[in-house]
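Enquirer: structural data only, the sequence is not supplied:
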């Protein structure tokens, strides 16, 4: 599959398995995966993983990618009100491309106004935030509504990766 995905990590406290498991599944399906953040210095996972991002989120060329994914973990809060993250997420939706978020990261999509009237899931701490921003919170492990894929946490990471591959095969 000659598709390209970008996984967005927080600088601190991203969930290791929510990054590594979907990345492994995507790469196993032949998807080229890049990692973005607000720094190209090493970023730190909650469980101790160290990852050096390939590029800055502000440098993303969204025309060249098929899938943009926000990885969860407490650090994802840095993107909740980030105008660059919101603009990128909106552009993916406007372009008819795939957008994903796992754990608490669906709050980013909700605050960007992208979940109004859409079925979505999130780590339980973010359920009220999704509802307040017009989402139909389902509480499921994985939720797909159109081209937006959300997942509720680390235990859903591998399933999330498999769903991302399935959705990439449909476009």
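Expert: Structure received. Being a predicted model, the structure only gives us computed values, none of them experimental.
Enquirer: make it CA atoms for all contacts and neighbour counts henceforth
Expert: Will do.
Enquirer: and residue 5, what are its bridge partners?
Expert: Judged by DSSP bridges, the bridge partners of residue 5 are residue 33, residue 67.
Enquirer: that one: how many residues sit nearby?
Expert: 24 (other C-alpha atoms under 10 Å).
Enquirer: one more: residue 59?
Expert: 11.
Enquirer: backbone dihedrals for it, please?
Expert: Torsion angles at residue 59 (phi, psi; degrees, to the nearest 10) stand at phi -100, psi 0.
Enquirer: do you know how far it is from residue 40?
Expert: 11 Å (C-alpha to C-alpha, to the nearest Å).
Enquirer: per-residue pLDDT, residue 86?
Expert: You'll see residue 86 listed with a pLDDT of 98.
Enquirer: what segments of this structure are helices?
Expert: Listed from the start of the chain, the chain has helices (DSSP state H) covering 16-28, 83-94, 106-111, 127-132, 157-170.
Enquirer: just want the angle from the last one to helix 16-28.
Expert: Per axes from the mean of the first three to the mean of the last three C-alpha atoms, to 10 degrees, the angle that helix 157-170 makes with helix 16-28 is 30 degrees.
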